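Novice: Provide a 3D model corresponding to the input given below.
(4 chains)
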2 protein chains.
Amino acid sequence: MSKDHLTTSFPNISVEEIANAVRAEIWQGKLKSGQPLRQDEIAARFGVSKIPVREALVLLKAEGLVAFSKNRGATVTSLSPAELEEMYLIRTALEVTALQRAFPKLTIADLQHGEELLAALDAERNVTRWSDLNWQFHATLYTPANLPRLMEWVKTLHYNAARYLIFYLADLDFQSSSQKEHRAILSACREGNIQAATWFLQQHLGTASSQLLAHLTKPTQ
Amino acid sequence: MSKDHLTTSFPNISVEEIANAVRAEIWQGKLKSGQPLRQDEIAARFGVSKIPVREALVLLKAEGLVAFSKNRGATVTSLSPAELEEMYLIRTALEVTALQRAFPKLTIADLQHGEELLAALDAERNVTRWSDLNWQFHATLYTPANLPRLMEWVKTLHYNAARYLIFYLADLDFQSSSQKEHRAILSACREGNIQAATWFLQQHLGTASSQLLAHLTKPTQ
DNA sequence: CTTGACAATATCGTATACTATTTTATAATT
DNA sequence: AATTATAAAATAGTATACGATATTGTCAAG
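Specialist: Numbers count the residues shown, from 1 in each chain, chains lettered A, B, ... in the order given. Coordinates of the predicted model:
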């Protein structure tokens, strides 16, 4: 018990908590794109000074959730269509890799767990929880690959896209088509058909991407 | 001239400079794995207080170059074999995607530029400059894809691996086999054979990965 | 000489305080 | 009334200061 002190993952105290809280609010859409993040206000809310708040915001900057501009502080980022497309392209590359690595290691229990998550998704109406379950389903298929850093990145990208998806998640058509795609992926995994699984995964991400893009470029009005 | 103030990329002042300096020293191996990064010392070197130094270190933490441990500050990270393998897997996924997107847009000028970089690499003896040129060559093949965020990530991963490659770069065999692989990729691009280009790129990264792994798991002694 | 307890020192993490910049409010001018 | 100029307030960014933790050094006991 002498050399496990370098906890590479989450050693920090309050900074992490602040980052988690702000991150969650951005993911959930409570903090909207372009909105400034007042350091004093956040500091007061957590009963700390500005310094840990700033460090938390720098962390979120690295995740692409906020941007700093000199002497004007941090604001919640907004993704351009090009950036969103790029994010999905990156996700596709990484998730396909993860699935292919995980595929030979997928157990019956994993597939069963995926099935249960899909059932839960069918029943879920709350968009935030839907988004969480959605990620859990994907994560179930990738976790056996044992690629923690890739998973961290994909998760970040997933939730970063999710705050835009929120508009869509209300739409039941989106949910049902998304679920069909999920089931296609899971079935292919169960049948041991990795080509099909990969194909359906790519289709799934491609569909989400193009739907989001259509929504962004023609914003409701 | 009223709405271009939100410079998403590099708005900060001294923090960025500090991060750049420390990052460069880690990349160049001047700061070795496990080495603690004394905040007061760095602060004194730049004539600032600890606060901007800490923010710079948090940035580097996000890049995976340093790790914090509670009340013990930041140290330069060291990659486990598993982490290194994962990094190369991620790089392969992303670089293949980038190459495939860039491929139809590659111009004669791009290929010519790549050729010149390979010539420069042949002549280069300094490992740091070799590493820079190496990245420039790869970047030349990916830039037309117009994927800035992917490029940023891959660049980070490239240099993060480079600090381990340094041991290898002294070895002329490594350089020459690496250059052969580079030329194979470039030739395939010139011939318009994307399958071959992709294949050679994957081989190239796979070779580097396994050589590094062999070195890490059996560390000289 | 080695080990353990305690003190001294070093270092970290953050609250406070201060300056610089930006934003908002107010007044002045056309 | 609209627009510019000026002052006040708000906010950001960082230096200083200080308590907390970790590390190192010293000494006593075995």
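Novice: all helices for chain A, in order.
Specialist: Using DSSP state H, the helices of chain A run over A:14-27, A:39-46, A:50-62, A:81-102, A:108-123, A:127-142, A:148-169, A:172-190, A:194-217.
Novice: Export these to CSV and append columns for distance to DNA strand C, mean neighbour count and mean pLDDT.
Specialist: C-betas here are computed from N, CA, C, even on glycine. As requested, the helices of chain A are exported to CSV (distance: least, C-beta to the nearest atom of the strand, whole Å; neighbours: other C-beta atoms under 10 Å in any protein chain shown; pLDDT from 0 to 100):
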stretch, distance to DNA strand C, mean neighbour count, mean pLDDT
helix A:14-27, 4, 18, 96
helix A:39-46, 7, 15, 98
helix A:50-62, 4, 22, 97
helix A:81-102, 23, 20, 97
helix A:108-123, 36, 15, 98
helix A:127-142, 28, 20, 96
helix A:148-169, 21, 18, 92
helix A:172-190, 37, 17, 94
helix A:194-217, 26, 17, 94
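Novice: And those: which comes nearest residue B:180?
Specialist: With distances scored as C-beta to C-beta, the stretch of the helices of chain A nearest to residue B:180 is helix A:81-102 (26.0 Å).
Novice: Let me know the angle separating the closest one from helix A:194-217.
Specialist: Angle between the axes of helix A:81-102 and helix A:194-217 is 160 degrees (criterion: axes from the mean of the first three to the mean of the last three C-alpha atoms, to 10 degrees).
Novice: close to chain B, is helix A:81-102?
Specialist: Yes. Residues of helix A:81-102 are located near chain B by C-beta under 8 Å from any C-beta of the partner chain, namely A:82-83, A:86-87, A:89-90, A:92-94, A:96-97, A:101.
Novice: From DNA strand D, how far out is residue A:187?
Specialist: Distance, residue A:187 to DNA strand D, by C-beta to the nearest atom of the strand, to the nearest Å: 50 Å.
Novice: my bad, should have said residue A:21
Specialist: As judged by C-beta to the nearest atom of the strand, residue A:21 and DNA strand D stand 17 Å apart.
Novice: what sits against that residue?
Specialist: Each residue near residue A:21 by C-beta atoms under 8 Å, 6 or more residues apart in numbering or on different chains is listed here: residue A:46.
Novice: Which residue does chain A have closest to DNA strand C?
Specialist: Of all residues in chain A, residue A:49 sits closest to DNA strand C, at 2.9 Å by C-beta to the nearest atom of the strand.
Novice: what residues are up against that residue?
Specialist: Shown in contact with residue A:49 (C-beta under 8 Å, 6+ apart): residue A:43.
Novice: any idea how far it is from chain B?
Specialist: 11 Å (C-beta to the nearest C-beta, to the nearest Å).
Novice: got a pLDDT number for residue A:12?
Specialist: At residue A:12, the pLDDT value in this model is 53.
Novice: Who are the contact partners of the nearest residue to residue A:174 once chain neighbours are set aside?
Specialist: Among residues not flanking residue A:174 along the chain, residue A:168 sits closest, at 4.7 Å (C-beta to C-beta, 6 or more residues apart in numbering or on different chains). Contacts for residue A:168 were tallied using C-beta under 8 Å, 6+ apart; they are A:174, A:211-212, A:215.
Novice: who's in contact with stretch A:126-134?
Specialist: Outside stretch A:126-134, the residues that touch it by C-beta under 8 Å, 6+ apart are A:27-28, A:117, A:120-121, A:124, A:158-159, A:162, A:165-166, A:169-170, A:175, A:178.
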